[in-house]
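1. Based on what follows, work out the 3D shape:
(one chain, ligands or ions: 1)
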Amino acid sequence: MIEKVLIANRGEIAIRILRACREMGIGTVAIHSTADADAMHVRLADESVCVGPPQVLDSYLNKNAILTAATISGADAIHPGYGFLSENADFAQMVEEHGLVFIGPSFEHINMMGDKITAKAAVKAAGIPVVPGSEGAVTDPAEARAIAKEIGLPVIIKAAAGGGGRGMRVAKTMDDLEDALRIASTEAATMFGSGAVYVEKYLETPRHIEIQLLADNHGNVVHLGERDCSLQRRNQKILEESPSPALNDSQRTEIGEVTRAAIQKLGYRSVGTVEYLYEDGKFFFIEMNTRLQVEHPVTEMVCGLDLVREMIRVASDLPLSIKQSDVRFSGHAIECRINAEHPETFMPSPGKVGLYHSPGGLGVRVDSALYSGYTVPPYYDSMIAKLIVHGTNRNECLMRLRRALDEYVIDGLDTSIPLHQRLMEEPDFVNGNYDIHWLERMLDL
Ligand code: ADP
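-> Numbering: from 1, shown residues only. Predicted structure coming up:
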């Protein structure tokens, strides 16, 4: 059994992992940059090690410094959280070569899913429906035109190594296509170090629906239903909910089962999320994330499970604590991502927090590293809190979310709380009628 975990992350997710460790009686080692010496994840951990200066390349992405921190602190496992090194196959392999446990999937699976072209081919072969498009990388404009002719316009050109909602370009006409291909490939090369791009059908009004999976080393694979993450701005998620207002029970069971069976065939372990676009009653795979997701608490609230605990169990070679037949979905959960940014201009707003008061009460969960007097540094992601609310049904959940947002006080910074409050009053959102472009349309109005 794992006895001491080094958490290779910061902010709310470092605390989230630390909480699971503590409840399991496992020791914790925090890492931090010099900018994070006062951070809450450092204060709460049993031990902490400074791994470098503020810039992420020198600290939170500094593999050698992190491995050294694990060695000197006597940790026997590393949890990467999300972002940073969580989907870096080289790091996962280095961790194992150092005789430590990587709390996540095998580096082979991280590699397979990290390249969207190999990922798409692998899941397709395992029985998952994919977006129609090229079989592999496309470089030749004539080939791109032939594919566009076959699948129909518009098409989207995507970087094989893309992530974080970046590295995508839409072509609406055949004339656009050549430029889009060239620009996407050049951007991909500078942003992701690989210029490989592929072409797929651009779906115009889909929802983003993803399936949460859990798998152990003993052949057990469980799906935990879906999350609807269609509320996006610039391809980045703002709010997530489970269950999706767009699915009924039989659709949920069907896509969950198809996904579960495919992941079992691939021999995958730990947590993972298969992301789909959903349009006109059909699902189309876009990518698989081989890590814990930001929005995982939504699933925890409706399933009554601790996903980090399950990850640690699997990494200790224990079986999952549940079988598919034990999974029960109860009520409705919504997560609001709260960013330190202006609610209308989206300008980042780092700085010192004045008064801080987080909401509470029945069905309310706040995952955050904020406290009164804390200074949000300018170097990292702008997400400063996640407000997750559970109710017996969607309507109760919305009522509870409104009152929780009203209770939340974060003085000194601009935050996206007013944006969420505005959303709660939009009839389309209240009725569950939204697709991946709805939020941008609303913001333009
Ligand atoms: P990333 O790894 O950058 O998150 P994804 O492949 O998961 O990239 O896509 C992110 C978002 O981009 C999706 O949620 C969706 O909004 C949009 N998108 C991706 N592929 C398509 C497509 N074929 N048609 C329409 N929108 C797409």
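2. Could you tell me which residues of this protein lie near the ligand?
-> Contact residues (CB under 6 Å from any ligand atom) of the chain with the ligand: 131, 156, 162-166, 168, 200-203, 206, 208, 232, 235, 275, 277, 286-287, 436. In this view, the C-beta of every residue, glycine as well, is placed from N, C-alpha and C.
3. do that again at 8 Å, thanks
-> Those residues of the chain that sit near the ligand, judged by CB under 8 Å from any ligand atom, are 116, 131, 133, 156, 158, 162-168, 170, 200-204, 206, 208, 229-230, 232, 235-237, 275, 277, 284, 286-287, 289, 436.
4. burial measure for the residue lying closest to residue 49 once chain neighbours are set aside, as a count.
-> Leaving aside its sequence neighbours, residue 49 sits nearest to residue 69 (CB to CB, 6 or more residues apart in numbering; 3.9 Å). Residue 69 has 23 neighbouring residues, counting by other CB atoms under 10 Å.
5. quick one, what contacts residue 69?
-> 6, 29, 31, 49, 51, 75 (CB atoms under 8 Å, 6 or more residues apart in numbering).
6. mind redoing it with 10 Å?
-> 6, 8, 29-32, 47-51, 62, 75, 78 (CB atoms under 10 Å, 6 or more residues apart in numbering).
7. any chance of these in JSON lines, plus secondary structure, pLDDT and neighbour count?
-> What follows is these, written out as JSON lines (DSSP: H, G, I helix; E, B strand; the rest coil; pLDDT from 0 to 100; neighbours: other CB atoms under 10 Å):
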{"residue": "6", "secondary structure": "strand", "pLDDT": "99", "neighbour count": "30"}
{"residue": "8", "secondary structure": "coil", "pLDDT": "98", "neighbour count": "31"}
{"residue": "29", "secondary structure": "strand", "pLDDT": "99", "neighbour count": "23"}
{"residue": "30", "secondary structure": "strand", "pLDDT": "98", "neighbour count": "29"}
{"residue": "31", "secondary structure": "strand", "pLDDT": "98", "neighbour count": "28"}
{"residue": "32", "secondary structure": "strand", "pLDDT": "98", "neighbour count": "23"}
{"residue": "47", "secondary structure": "strand", "pLDDT": "98", "neighbour count": "16"}
{"residue": "48", "secondary structure": "strand", "pLDDT": "98", "neighbour count": "22"}
{"residue": "49", "secondary structure": "strand", "pLDDT": "98", "neighbour count": "19"}
{"residue": "50", "secondary structure": "strand", "pLDDT": "98", "neighbour count": "16"}
{"residue": "51", "secondary structure": "strand", "pLDDT": "98", "neighbour count": "24"}
{"residue": "62", "secondary structure": "coil", "pLDDT": "98", "neighbour count": "21"}
{"residue": "75", "secondary structure": "coil", "pLDDT": "98", "neighbour count": "26"}
{"residue": "78", "secondary structure": "strand", "pLDDT": "99", "neighbour count": "29"}
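8. Which two among the residues you listed are spaced furthest apart?
-> Farthest-apart pair in the contacts of residue 69 is 47 and 62; separation 18.1 Å (CB to CB).
9. can you give me the helices for the stretch 101-250 of the chain?
-> Per DSSP state H, counting those that start in this stretch, the stretch 101-250 of the chain carries helices over the ranges 107-114, 116-125, 141-151, 174-192, 249-265.
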